[in-house]
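1. Structure, please.
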Amino acid sequence: MNRGRIAFEGNPWPEGHAVEAFEWSARVEDGEVWFDLHLVSAAYYAEREIEQGEDQPEDDSWKSPSVWGNYHRCTLSSTFWGEHGGFRVGPLAQLSAAALDGAEFVVDPVGEEIDDVEDLAFGLYLLGHDSAVEHRIRFIRRGDSERFDILWSGRIALTYVGRYRPDYRFQARIEDVPMPTPRSP
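-> Now for the predicted structure:
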């Protein structure tokens, strides 16, 4: 199992949640490398239960422990709901561990609101089927190896309940992940 955590700024668990499953894969399309990431958190209550306090209104789903508990865990993935997601890295001939070290990719930048939730690089199940945008994904090489730490952040819109403004943020750090060998479709 990979070591890592994902945190959602302003939710009831400021310490975040353990990453239970993580997969980094690569594919080649028309000579270009595309990366796919699949992350599943541990159950929100796995490390610490939180009782709904009187000062925590039920109608603010982002801050309500009981609402988070209804959805159990997070899945953030470019592969779980189909093979159309992911992000372009560059030509296959230029892919190497050394070239990837320190590289940061910005995926699905948006303005004030998300226009098309069907065409995003990653699907998100958080408090329902929500949307993640403005991803910043950075790869940090471990020494001279082909293993990386991945820093991944972005913004979230609670589109499941009709909110298309990405008002919330997440940050994940996944450690010691092997660089995948690109596969052809």
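2. immediately after the lengthiest helix in the chain, which helix or strand?
-> The longest helix of the chain (DSSP state H) is helix 65-71. Next helix or strand after helix 65-71 toward the C-terminus (DSSP states H and E): strand 75-77.
3. ok, residues contacting that following strand?
-> Here strand 75-77 makes contact (CB atoms under 8 Å, 6 or more residues apart in numbering) with 6, 36-41, 85, 122-126, 132, 170, 172. All C-beta spots, glycine's among them, are computed from the backbone N, C-alpha and C.
4. Check which residues of the lowest-mean-pLDDT helix or strand in the chain are buried.
-> Lowest by mean pLDDT, DSSP states H and E among the helices and strands of the chain is helix 65-71, with a mean of 89. Burial within helix 65-71, assessed by neighbour count using 16 or more other CB atoms under 10 Å, is assigned to Pro65, Val67, Trp68, Tyr71.
5. any idea which of these is closest to Phe22?
-> Among these, Tyr71 lies closest to Phe22 (CB to CB), at 19.3 Å.
6. so who does the closest one touch?
-> Tyr44, Tyr125, Leu126, Leu127, Gly128.
7. Throw together a ChimeraX command that grabs the buried residues out of the residues you listed.
-> A single ChimeraX command selects the buried members of those (16+ other CB under 10 Å):
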select :44,125,126,127
